[in-house]
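>>> Generate a structure from the sequence data that follows.
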Amino acid sequence: MVFLSFTRNIARSSQRRVWSSSSSFSTAIKDEVRLSKRMSELGICSRREAARILRDASECSNLTALKSVIYVRGNPVMEGTGVKVANDEKFIEIRSGDAVTNESQNNDLKEYVPYAERPWHDICGDSIVLNKPIGYVSGQEEHQHVPAVRLLTRSNHIGKDVDEIISSSLQFTRKKWGGLDLETSSVPKHIRNKLNRDGKTASDQESKWEATLQGYSTAGRLDLDSTGVLIFTRAGMMARRLISPQSKIRKEYIVKVTPAVQLTAREREMGMKLPPVTTDLEPFLKGGRRLWNDAKPLKPVVEAEWLQNDPEDKQQIRTMRLVLQEGKKRQIRRMCRELLGLHVVELVRIRIGPVKIDSLPEGKWRTLTKEEVQGIFMDRPKKKKKKNKGTKKRNSHVSINT
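Down below sits the predicted model:
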């Protein structure tokens, strides 16, 4: 029994390898952190993604069959999710599984550089901002709605010459688009009328769409009937920084409201009732309220104020300014209806962190500036403090050299 217990402990310890500057076991326990945690701190990937890659490598005998493998100081990590590294380790990278590992690669180690600290010429075209108009969805094409990515064309670009765009890393391609029914789609009315006057059908128009940017995805979303700032990026670290639940980046909106008259068909099906109309913004600022059929309560709104001097006039459309740090689906519209009894008639997002709409025309886009990118990464997300549940829980990640 003693021998079995000893061999079992050895087997467990072999999965807790601690990588140091000399690729040996470290003895300073206070300086050790999980590899997945260190990768998350550096911004390489999330802890969950790192744990998945480590788990796949530990279960596979042939690394060339894997899509991604984590390397620490030029050596592949195959010991599972319990691997630890020094808390200041920077020689971490993710390579393709079929990448050839040789001595020249190991000797030419490259220190990981956080995204915001990389040379500007390497990341200058990674993220862009679009002033999204009404009638375009922020995601993929669906229900005859035009995706906002269709606006990311050369002719809609603001801020650079066309020749400079072509010579940069921005690539434009003409993607195949499904059939478009002009009568039922969300194409803006002035565009639909022009197509009808020209006598063009949906198939004719499909061939006329301009080439759009390739490889960009939205970092967040904006409703079909809302306008304003919508950020596209091809950098995973930028996307995680903007849409992570722990992100503290503020989003500013200008909202026009009017008293809600009646329930929608969906609201009647849910059995919802409209509250009395009020102009008191205390429910927004206080937080803790739950929207209909939502399990989690709302976080307090950072800022909320009326921009008009006569908010008591119930017959006039009133304007408010809101600053939020969370972004649930149709959150502002639902908050106004369910907490204030007001119906949103216009919603414009004018800012995401340091990225402002300013004078960017509707339907146009530009690349993010160096100051905007640095501003997004300036404030690190606050980490949740773990509750101390006592000392009964055994520490299962002690180094073998204690």
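
>>> Show residues contacting stretch 152-159.
128, 130, 162, 165, 172, 210-213, 216, 232, 360-361, 363-367 (C-beta atoms under 8 Å, 6 or more residues apart in numbering). Yep, even glycine has a C-beta here, placed from its N, CA and C like the rest.

>>> Mind giving me the PyMOL select for those residues, buried ones only?
Buried residues within those, by 16 or more other C-beta atoms under 10 Å, are selected in PyMOL with:
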select buried, resi 128+130+165+212+213+216+232+360+363+364+365+366+367
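
>>> quick one: low-confidence ranges for this structure?
Within the chain, the ranges that satisfy pLDDT under 70 run 1-30, 98-108, 141-144, 160-169, 175-209, 308-315, 379-402.

>>> residue contacts, the closest residue to residue 76 other than its chain neighbours?
In this structure, residue 76 finds its nearest non-sequential neighbour in residue 69, 5.2 Å apart by C-beta to C-beta, 6 or more residues apart in numbering. Each residue near residue 69 by C-beta under 8 Å, 6+ apart is listed here: 53, 57, 63, 76, 77, 94, 95, 96, 97, 99.

>>> What separation do you get for residue 69 and residue 234?
With distances taken as C-beta to C-beta, to the nearest Å, residue 69 is found 22 Å from residue 234.

>>> picking that back up, list only those of the contacts of residue 69 flagged as buried.
Buried members of the contacts of residue 69, counted by 16+ other C-beta under 10 Å: 53, 57, 63, 76, 77, 95, 97.

>>> Hmm, residue 225 and residue 132 touching each other?
No. The pair residue 132 and residue 225 fails to qualify as a contact (C-beta atoms under 8 Å) at a distance of 10.8 Å.

>>> Looking at these two, which has the bigger crowd around it?
Set residue 132 next to residue 225 and count neighbours by other C-beta atoms under 10 Å: residue 132 wins out with 26 against 14.

>>> So residue 174 is in contact with residue 213, correct?
No. The criterion here is C-beta under 8 Å, and residue 174 misses it with residue 213 at 11.4 Å.

>>> quick one, helices of the stretch 301-402 of the chain?
In the stretch 301-402 of the chain, the helices defined using DSSP state H, counting those that start in this stretch lie at 331-335, 370-376.

>>> CSV for those, including distance to residue 278?
CSV is the format used below for these (distance: least, C-beta to C-beta, whole Å):
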stretch, distance to residue 278
helix 331-335, 12
helix 370-376, 36
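
>>> mind checking which of these is nearest residue 85?
helix 370-376 (26.9 Å; C-beta to C-beta).

>>> Can I get the closest one as PDB, trimmed to CA atoms?
C-alpha atoms of helix 370-376 as PDB (Å, rounded to 0.1, in the frame of the first residue of the first chain):
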ATOM      1  CA  LYS A 370      -2.700  54.600 -31.700                       C
ATOM      2  CA  GLU A 371      -4.000  56.700 -28.700                       C
ATOM      3  CA  GLU A 372      -7.400  54.900 -28.900                       C
ATOM      4  CA  VAL A 373      -5.800  51.400 -28.900                       C
ATOM      5  CA  GLN A 374      -3.600  52.300 -26.000                       C
ATOM      6  CA  GLY A 375      -6.600  53.800 -24.100                       C
ATOM      7  CA  ILE A 376      -8.600  50.600 -24.500                       C
END
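
>>> tell me which residues in it are buried?
Residues of helix 370-376 classed as buried: 372, 373, 375, 376 (neighbour count, 16+ other C-beta under 10 Å).

>>> any idea how far the first one lies from residue 238?
Residue 372 sits at a distance of 11 Å from residue 238 (criterion: C-beta to C-beta).

>>> Now, the contacts of residue 69 that are in strands?
The strands, defined by DSSP state E, take in 76, 94, 95 from the contacts of residue 69.

>>> Could I get the contacting residues of the second one?
In other words, residue 94. 44, 45, 53, 68, 69, 70, 71.

>>> Now with 7 Å, please.
Neighbour list for residue 94: 44, 45, 53, 68, 70 [criterion: C-beta atoms under 7 Å, 6 or more residues apart in numbering].

>>> Just those residues: which are in helices?
Using DSSP state H, the members of the contacts of residue 94 that fall in helices are residue 53.

>>> With distance to residue 332 as added columns, please give the contacts of residue 94 in TSV.
Formatted as TSV, the contacts of residue 94 follow (distance: C-beta to C-beta, whole Å):
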residue	distance to residue 332
44	34
45	31
53	37
68	38
70	40
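
>>> Please pick the buried ones from the contacts of residue 94.
Buried among those (16+ other C-beta under 10 Å): 44, 45, 53, 70.

>>> quick one: the third one and residue 68 touch, right?
Yes. Under the criterion of C-beta atoms under 7 Å, residue 53 is in contact with residue 68, at a separation of 5.1 Å.

>>> Just give me the neighbour total for the residue lying closest to residue 356 once chain neighbours are set aside.
What sits nearest to residue 356 in space, not counting adjacent residues and going by C-beta to C-beta, 6+ apart, is residue 350, at 6.5 Å. The local packing of residue 350 (other C-beta under 10 Å) involves 17 other residues.
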